[in-house]
Each structure stands twice: as structure tokens, then as C-alpha cells.
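In: Here you go, sequence then predicted model.
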Amino acid sequence: MKALKLLLKTILCLFALVGVLTVALILYAKSGYLDINIEETTLGRLDERVELLRTAGTYAADSVEFNMQSIADSAKAAEIRAYFQLDTLYSAEATTWEKTLAIAKFVSDNIPHANQKAQPTRRDAITLWEYTKTTEPAFNCRLHSILLYELLSSVGITASYITCMPKIEESDCHVVNQVWLPELRKWAMIDSDQANYATDEAGTPLSLSEMRERYISGEDIWYHPHYGKATKKKTWYYAYMAKNLYWFSCWETLHFGQECWDENQETGRYVNLVPSGYQPYGIEVSEDGTAIVTSDARLFWAAPQ
């Protein structure tokens with residue numbers, strides 16, 4: 001009898017353990033990091049989202065003038081490098097892409113994704129880092145991208161953070177970084193918020209523009225969750241990025257402290273890259289040129305000067 005009771009007790013403990021592990025797995029999956037199909041409704045709309053890209057107007061040169069650039073102040077760059085001890089994250093012989101991955105992983109490992117309750121008015125790298133220690137431990141993709149932009153810029157990597165927008169207005173979009181790889185003479189997307197990047201079949205990092213074209217053409221995209229092993233599975237992230245590659249927004253000129261609103265500084269103007277014939281929502285093109293709408297992809301994605 002005692003043996004039977006002990007057996008039943010053991011079985012109940014095992015069921016409880018399985019229940020706890022199942023809940024933990026579900027919560028982890030919902031974080032967006034687990035490479036499984038966790039949102040059937042999102043993944044089920046993949047074909048619809050790709051079709052929106054395929055039927056969009058083409059890009060074409062126009063008369064809108066702008067010059068995308070990033071400016072790094074050397075004194076601020078030195079302060080950021082010292083504060084984060086960035087030179088300890090990679091070897092002196094590391095390539096631009098290896099440095100990028102090391103810094104992005106540092107950000108992702110220390111700051112998970114969340115929609116923060118308190119909006120920081122200062123959005124520079126050091127203040128954002130301290131925000132996670134004193135206010136909230138995590139924040140959204142925009143703050144992730146601002147932080148990563150400043151870290152990358154401080155070590156001499158030409159970078160930008162770009163808002164990736166869906167065709168139809170909704171409450172969700174995504175912000176990621178792009179870095180210029182001089183060794184390959186091309187841009188590459190890096191996402192510290194969701195710890196991911198994209199490559200082609202040869203393992204070459206893809207830019208946002210190349211990703212968009214591959215969705216349209218039907219070519220495979222290999223995503224690297226947790227910056228690890230490549231997968232071309234049609235996961236949640238695969239469908240999510242298909243939604244957010246319809247049009248793009250970026251500051252024309254980027255610099256440290258770009259969005260430190262408490263300083264009431266001049267922030268410049270936004271450039272919005274859209275397919276021909278598309279009117280982006282929420283954008284009012286003004287006479288003073290504070291908001292630019294263009295279909296000139298060649299100029300928007302130009303190599304840094």
C-alpha cells in the first residue's frame with residue numbers, strides 16, 4: 001500500500017513538473033525568441049503580406065532631394081566606448097560584421113524586449129542602459145535600436161536605425177538597425193530587439209532592401225534567431241518581417257542623442273521611402289521639408305560617403 005501511495009505521489013509530482021515546464025515554454029515562445037510557430041494567425045497571413053509587397057508600386061527616381069548620413073562626435077564616442085568597455089566584446093582582428101554581432105548580442109543578452117510603461121525623455125546609450133537598471137529592465141524595439149546605433153557608431157561602424165512599416169495602418173511596426181559592411185560594400189540588417197538577422201544561401205548578411213526583394217521574388221531568406229544557426233522555416237518572425245517591409249522611415253541625419261527630447265534640440269527631418277503611387281499614413285509633407293516622401297530607393301539606400 002505504501003509503495004502504491006509513493007507511486008501515485010511520484011506521478012502527481014511529474015504531472016506538476018510537466019505543467020510548470022509547459023507554461024514556461026509557452027511564455028518563452030511568446031517572447032518571440034523561440035523558433036517555432038507560436039502564432040498561427042500571424043503565420044497564416046504570410047501569403048497575404050507577401051502579396052502586398054508583390055503588388056506594390058515600383059521604386060523610381062524623383063525630384064526629392066535628401067542626403068542620408070550618420071555623424072559621430074569623437075568625444076561622445078570615446079565616452080560610450082569606455083562606459084560599456086566595448087573593446088572587450090571582440091578581438092582586434094574582428095571584421096565589421098563580427099563586431100556588429102558581438103555588440104548586438106551584448107544588447108540582446110542584457111535587455112529583453114518589452115513595451116515599457118515609462119517613456120524616457122533622454123534616449124542616448126548611457127541613459128538608456130541606466131534606465132534598465134533603475135526604472136524598467138526591458139524596452140521596445142525603438143529604444144533597442146537607438147541604443148545599438150550609438151554603440152555601433154562609437155566603435156566606428158556606420159549604422160542607422162530604420163522604422164519598418166506595414167502597408168495598412170495599425171498599432172505595430174518594427175525598428176531595426178542597418179550597418180555598412182565595407183568589406184562587402186553593402187548594408188546588413190541587425191535586430192537586437194528580437195536577436196535576429198538575415199542571410200542568403202551563402203551566409204552573406206542581407207539588407208532590408210534585399211530582404212524585401214527576396215520576399216517578392218520568392219527566394220529563400222535564412223534567419224538566425226539568437227544570432228545562431230540559420231533557418232529558412234516560415235516562423236513567426238519570418239511573417240512579421242514580411243508585414244513590416246512595405247515602406248521605411250529614417251532620420252535624414254543621425255547623431256548621438258538624436259531623440260533626447262529634454263534638450264529641445266533640432267532633430268532634423270524624416271525621409272520616408274515608399275513604393276510609387278503609395279500615400280503613407282500619418283505623414284504630412286510640409287513646405288518646410290520636415291517630412292520627405294520619396295520613391296528613390298537608390299538614394300535612400302545609398303552607400304555612405
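Out: Yep, that arrived. Numbering: from 1, shown residues only.

In: make it CA atoms for all contacts and neighbour counts henceforth
Out: Noted.

In: Mark out where each domain of the protein begins and ends.
Out: What automatic domain parsing lists as the domains of the chain is 1-30, 43-300.

In: Of those domains, flag the one that's most buried.
Out: Of all these, domain 43-300 carries the top mean neighbour count, a mean of 18, counting by mean count of other C-alpha atoms under 10 Å.

In: now the domains of the chain in JSON lines, with mean pLDDT?
Out: Putting the domains of the chain into JSON lines (pLDDT from 0 to 100) gives the following:
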{"stretch": "domain 1-30", "mean pLDDT": "43"}
{"stretch": "domain 43-300", "mean pLDDT": "94"}
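
In: ranges for the strands of the chain?
Out: Counting by DSSP state E, residue ranges of the strands within the chain are 69-71, 159-165, 174-181, 186-190, 198-199, 222-223, 247-251, 253-255, 270-273, 291-294.

In: Just the CA atoms of the fourth one, as CSV, please.
Out: Same thing as strand 186-190. Taking C-alpha atoms only, strand 186-190 is exported to CSV below (Å, rounded to 0.1, in the frame of the first residue of the first chain):
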residue,chain,number,x,y,z
LYS,A,186,26.8,46.5,-48.7
TRP,A,187,24.3,47.2,-45.9
ALA,A,188,23.2,44.5,-43.5
MET,A,189,20.2,44.3,-41.2
ILE,A,190,20.6,43.6,-37.4
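
In: Work out the gap between it and the centre of the chain.
Out: 11 Å (C-alpha atoms, centre = their mean, to the nearest Å).

In: Output the contacting helices and strands for it.
Out: If you count contacts as 3 or more C-alpha pairs under 8 Å, 6 or more residues apart in numbering; DSSP states H and E, strand 186-190 packs onto strand 174-181.

In: Quick test: name the residue nearest the centre of the chain.
Out: In the chain, the centroid-proximal residue (C-alpha atoms, centre = their mean) is residue 176; its distance is 2.4 Å.

In: residue contacts, that residue?
Out: 141-142, 145, 161-164, 189-193 (C-alpha atoms under 8 Å, 6 or more residues apart in numbering).

In: Make sure residue 71 is actually in contact with residue 252.
Out: No. Using C-alpha atoms under 8 Å, residue 71 makes no contact with residue 252, being 10.8 Å away.

In: Who's the closest spatial neighbour of residue 116, skipping the chain neighbours?
Out: residue 139 (5.0 Å; C-alpha to C-alpha, 6 or more residues apart in numbering).

In: Save the strands of the chain as CSV, and put in distance to residue 208 too.
Out: Output for those, formatted as CSV (distance: least, C-alpha to C-alpha, whole Å):
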stretch, distance to residue 208
strand 69-71, 17
strand 159-165, 9
strand 174-181, 8
strand 186-190, 6
strand 198-199, 9
strand 222-223, 13
strand 247-251, 9
strand 253-255, 18
strand 270-273, 12
strand 291-294, 17
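
In: Tell me which of these lies nearest to residue 80.
Out: Of all those, it is strand 253-255 that lies closest to residue 80, at 13.2 Å by C-alpha to C-alpha.

In: which other helices and strands contact the closest one?
Out: Packing contacts for strand 253-255, counted by 3+ C-alpha pairs under 8 Å, 6+ apart, involve strand 69-71.

In: Could you list the paired strands of the strand it packs on along with their orientation?
Out: Take DSSP bridges as the rule and strand 69-71 pairs in its sheet with strand 253-255 (parallel).

In: so how far is the strand it pairs with from its chain's centroid?
Out: Here the centre of strand 253-255 is set off from its chain's centre by 18 Å, with C-alpha atoms, centre = their mean.

In: Stretch 75-92 now?
Out: The answer for stretch 75-92 is 22 Å, by C-alpha atoms, centre = their mean.

In: Stretch 156-174 too?
Out: 7 Å.

In: I'd like to know how far residue 47 sits from residue 215.
Out: Distance of residue 47 to residue 215, given as C-alpha to C-alpha, to the nearest Å: 10 Å.

In: An error on my part: the question was meant for residue 189.
Out: Counting by C-alpha to C-alpha, the separation of residue 189 from residue 215 is 15 Å.

In: repeat for residue 140
Out: Distance from residue 140 to residue 215, by C-alpha to C-alpha: 25 Å.

In: and what of residue 139?
Out: Distance from residue 139 to residue 215, counting by C-alpha to C-alpha: 29 Å.

In: circling back: what residues are bridge-paired with the residue nearest to residue 116?
Out: Beta-bridge partners of residue 139, counted by DSSP bridges, are residue 113.

In: tell me the contacts of it?
Out: Residue 139 neighbours (C-alpha under 8 Å, 6+ apart): 111-116, 132.

In: How are the helices of the protein distributed by residue range?
Out: 2-30, 40-44, 46-54, 74-84, 96-110, 125-134, 141-154, 208-217, 236-243, 297-300 (DSSP state H).
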